[in-house]
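**Q** okay, structure incoming, though there's no sequence with it:
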C-alpha cells in the first residue's frame, strides 16, 4: 500500500512539473499569457527591445485599434504593436481577470474619440524601461494637433496618475492634473465615489 502511495505521489509531482514547464514554454512563445490566460488579452502585438529603440518621436504612427482607455495598437514598420500609456491608469474594461470597473466604459470611449484621427506621435521615457511585463510599449502619446493624450485623460478624470517603480518624466504634471480633477469631481472622481479613492 505504501508503494502505491509513493508511486502516485511521484507521478503527481512529475505531472505538475511537466505542466509548469509547458506553461512557461507556451507563454514564451506568446500562446498564453504569463498569467495563464489563453485569450490573448496581453499577448497580442508584442514589441521587442529593437523595435522600441526605433520609435521616432517625430513620426505620426497609424492607430489600428483602441483596446481600452490606456492601451491601443499602432502600426510601426509594418508590424502592429500594443502601446500602454505611461504614467496613467484607466479603469478596467477588458481584463478577463477583473470585472468592468466604474467609469471604465467612459474612459475607453473617450480614448476612442481622442484617437479617432487615427494617428499618434509616440515619445518614450529615457529614464524608464521601454516595455512592460506583457511586452507592450510604454509611451507618452501626442495627437496630431499636439494634445498630450496621457495628460488630458488624467485632467478630465478618465484616468488616475500611476507610478510603477522609478519616477517618470511627467510625474509631477500628472499628479497635479489628478489633484485638480479630483477637486473638481471630474469624471471618475465625481461618478465613482468610494471606488475612485
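**A** Good, I have the coordinates. The structure presented is a predicted model; accordingly, all values stated were derived computationally and were not measured.
**Q** quick check: can you list the domain ranges of the chain?
**A** Residue ranges for each domain of the chain read 1-30, 49-196, as given by automatic domain parsing.
**Q** give me the neighbour count for the nearest residue to residue 93 once chain neighbours are set aside.
**A** Sequence neighbours aside, residue 104 is the residue nearest to residue 93 in space, at 3.9 Å (criterion: C-beta to C-beta, 6 or more residues apart in numbering). Using the backbone N, CA and C atoms, a C-beta is placed for each residue, glycine as well. The local packing of residue 104 (other C-beta atoms under 10 Å) involves 22 other residues.
**Q** which one's the longest strand in this protein?
**A** If you go by DSSP state E, the chain has its longest strand at strand 60-68.
**Q** what about that one, distance to the chain center?
**A** Remark: strand 60-68 is offset 13 Å from the chain centroid, using C-alpha atoms, centre = their mean, to the nearest Å.
**Q** quick check: next helix or strand after it?
**A** Proceeding N to C from strand 60-68, the next assigned helix or strand is strand 71-76, under DSSP states H and E.
**Q** so which residues of this structure form helices?
**A** 2-28, 49-53, 104-114, 149-155, 171-183, 188-191 (DSSP state H).
**Q** quick one on the thing from earlier: pairing partners for the longest strand of the chain, with directions?
**A** strand 71-76 (antiparallel), strand 119-123 (antiparallel) (DSSP bridges).
**Q** what residue ranges in this structure score low on pLDDT?
**A** Scanning the chain for pLDDT under 70 picks out 1-45, 194-197.
**Q** what about 80?
**A** Where the chain drops to pLDDT under 80, the residues are 1-51, 53, 127, 194-197.
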